[in-house]
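[1] below are the sequence and a predicted model; questions follow.
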Amino acid sequence: MKALSNNKFSHLLVITKATLVETWRRQFFLAIALIILTGMALSTFSESLALTESTSIHIAFLATFLRTTLVVSLALFILNSQMQELKSRFLDQMFALPLSKNHWYLGKYLGFTITALLISLLAALTLLTLAPWEQVLMWQLSLFFELTLVAGFTLLCSFTFNQTFSAFLVVMAFYLLSRSMSAILLIGHGPLNNPTDYWGNLSTQTIEVIAWILPKLDQFSQTDWLIYHSATPQLLGQITIQSAVYILLIISASLFDLQRKNH
Amino acid sequence: MPLLGKQQQHRKLPHHIIGLFAFSLFAQVATQQWLIDSSQSQTKDFPPATDIRILKVIALGEKSTLSRLLMLWIQAFNNQPGVYLSFRELDYDRLTQWLDLCLQLDPKSRYPLMAATHLYASQPDPVRQKKMMKFIRQKFLQNPNRHWRWMVEIALIARHKMHNTTLALLFAKELSQKATGPDVPEWIHKLYPWLLADLGEHQQSLQFIQKLVQEGHITDKQELLFLQQKMTELNTLTQQLP
């Protein structure tokens, strides 16, 4: 029994390793290094334009640029890789082997999570000379959680939609809504909202329901942490708990969708 | 072995395709030139300030980055394609609204008030200067312990650039009355008596310094010693007055 479970675990690790090898061979890390270099050049340029607060402008531009581009790059890479496997019938061949879908999925997700960790570390290295290391470390961990959530959601969308374009649109909608939901809710509850307007109230309630099922990504990897050194271990703790709960939700939804499908 | 070599592929290209490519390249360059020329003939003023709530949504949680991005845009506004607008040509009402938005997005940022003081309030146009000073004063009154520095600067601009002593005294008096936090340096309380002394109002200046010392605003020994000397000096000057 123990040997069987060890065997299953080794299957999972093989898939993880294959995912990482694929990421390396497709030169994903090279692309990320180029993105980081572009970010560094742009932020240095913006720093040179500033009259004051030049370091904080450098940090703000670099951190925001890296955060957004890494998320989009990882989502695109995952979708591209998954769609290629689907088109080449590679998945059908995989599932014909004595390998459970659950282990295949978990192995894949672990592979992309390690990728997320590596690219978040690369991004954090560029900020080490600009902000205190404790703040950079908390920013990096938070970015890692953000990338892990996006990777999980992208993987889920790749099974659900089977098309790069629609899956990418949904991933971006999820990401942008998760980052702006707090501000949208504030508008919904603002003084201009007429309490007697039926459709207005209905839309506010719909937004509230959507907000319940989205992670609060606007609280993650904030540039303020690096500029004003405002990140605290308590804040990171909240983000960790929020991420853990959401990762569990994504995994369960993905396994549900994967088992439902007849691959 | 490829059926067609590179040289052959090039030769095989139909002439109308090459012609179309050359024409489209020419059209692209000509359009770009036309766009540059037409944009040079029209200068734009600041658009009306957006609602802060919309900006917060656009910021996607990165309010401090958006604040700085907007500041760079505001700062570069007088450099438009082919035209350099002087600060006098800018709409200061809209400018202050945008600066206010930047400050609302990141209240800890020094950039909006720094630009307001050193770029926009320093221009030799009393009407515009007063508008910008009104904005800086308004922000100071909202948070005196954070924005005292800019109030000091506009008091000095009012005194030395605008030669408006009434305004300078008003700013200096408000500074000493409102900015009383622990992080505010004590010397700013002396700006008001110095300005008074500078204007020959030795009696008032003396009274103000005495009040500062009596009310315990000055705690540093060296500073107290300096102010004692200053009071003696002012006392002598007051007695010499006819």
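    Nice, thanks for sending it over. Keep in mind that this is a model prediction, so the values were computed, not measured. Residues are numbered from 1 along each chain as shown, chains lettered A, B, ... in the order given.

[2] isn't B:Met132 up against B:Tyr92?
    Yes: assessed by CB atoms under 8 Å, B:Met132 is found in contact with B:Tyr92 at 6.4 Å. C-beta coordinates here come from the backbone N, C-alpha and C atoms, glycine included.

[3] on the three-state scheme, A:Thr196 is what?
    What DSSP: H, G, I helix; E, B strand; the rest coil gives for A:Thr196 is coil.

[4] re earlier: which of B:Met132 and B:Tyr92 has more neighbours?
    More crowded of B:Met132 and B:Tyr92, by other CB atoms under 10 Å in any protein chain shown: B:Met132, with 26 against 23.

[5] what touches both of B:Met132 and B:Tyr92?
    Residues touching both B:Met132 and B:Tyr92 (CB atoms under 8 Å, 6 or more residues apart in numbering or on different chains): B:Tyr120.

[6] quick one: contacts for B:Thr65?
    Counting by CB under 8 Å, 6+ apart, the residues that B:Thr65 touches are A:Ala60, A:Phe61, A:Ala63, A:Thr64, A:Thr223, B:Ala59.

[7] please tell me how far the residue nearest to the fourth one when sequence neighbours are not counted sits from A:Ala211.
    So the one you mean is A:Thr64. Spatial nearest neighbour of A:Thr64, excluding adjacent residues (CB to CB, 6 or more residues apart in numbering or on different chains): B:Thr65 at 4.3 Å. Remark: distance between B:Thr65 and A:Ala211 (CB to CB, to the nearest Å) = 23 Å.

[8] next, count neighbours for A:Tyr175.
    A:Tyr175: 23 surrounding residues under other CB under 10 Å.

[9] can you list the contacts of B:Thr65 in CSV and add distance to A:Trp199 and secondary structure?
    Output for the contacts of B:Thr65, formatted as CSV (distance: CB to CB, whole Å; DSSP: H, G, I helix; E, B strand; the rest coil):
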residue, distance to A:Trp199, secondary structure
A:Ala60, 38, helix
A:Phe61, 40, helix
A:Ala63, 39, helix
A:Thr64, 35, helix
A:Thr223, 36, helix
B:Ala59, 27, coil
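
[10] how about the residues of chain B near chain A?
    Residues of chain B lying close to chain A (CB under 8 Å from any CB of the partner chain) are B:53, B:56-65, B:68-69, B:72, B:75-76, B:108-111, B:114-115, B:118-119.

[11] repeat the analysis, applying 10 Å as the threshold.
    B:51-69, B:71-72, B:75-76, B:106, B:108-115, B:118-119 (CB under 10 Å from any CB of the partner chain).

[12] of those, just the buried ones, ChimeraX syntax please.
    To isolate in ChimeraX the members of the residues of chain B next to chain A that are buried, counting by 16 or more other CB atoms under 10 Å in any protein chain shown, one can use:
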select /B:55,56,57,59,60,61,62,63,64,65,66,67,68,69,71,72,106,109,110,111,112,113,114,115,119
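
[13] in helices, which of the residues of chain B next to chain A fall?
    Mapping the residues of chain B next to chain A onto helices (DSSP state H) picks out B:52-58, B:63-69, B:71-72, B:75, B:111-115.

[14] the residue lying closest to A:Gly111 once chain neighbours are set aside - how many residues pack around it?
    Counting by CB to CB, 6+ apart, A:Gly111 lies nearest to A:Thr19, which is 2.6 Å off, once chain neighbours are set aside. By the measure other CB under 10 Å, the count of residues near A:Thr19 is 21.

[15] show me the contacts for A:Thr19.
    A:Ile78, A:Ser81, A:Gly107, A:Lys108, A:Tyr109, A:Leu110, A:Gly111, A:Phe112, A:Thr113, A:Ile114, A:Thr115 (CB atoms under 10 Å, 6 or more residues apart in numbering or on different chains).

[16] and it, what element?
    Per DSSP states H and E, A:Thr19 falls inside helix A:2-25.

[17] can you pick the most crowded of the contacts of B:Thr65?
    Counting by other CB under 10 Å, top hit in those: A:Ala63 with 31 neighbours.

[18] excluding chain neighbours, what is closest to the closest residue to chain B within the stretch 151-263 of chain A?
    Residue nearest to chain B within the stretch 151-263 of chain A (CB to the nearest CB): A:Asp218, separated by 3.1 Å. In this structure, A:Asp218 finds its nearest non-sequential neighbour in B:Gly61, 3.1 Å apart by CB to CB, 6+ apart.

[19] kindly state the pLDDT recorded for that neighbour?
    On pLDDT, B:Gly61 comes in at 87.

[20] what do you get for A:Leu20?
    As predicted, A:Leu20 sits at a pLDDT of 94.

[21] distance of it from B:Pro112?
    A:Leu20 sits at a distance of 46 Å from B:Pro112 (criterion: CB to CB).
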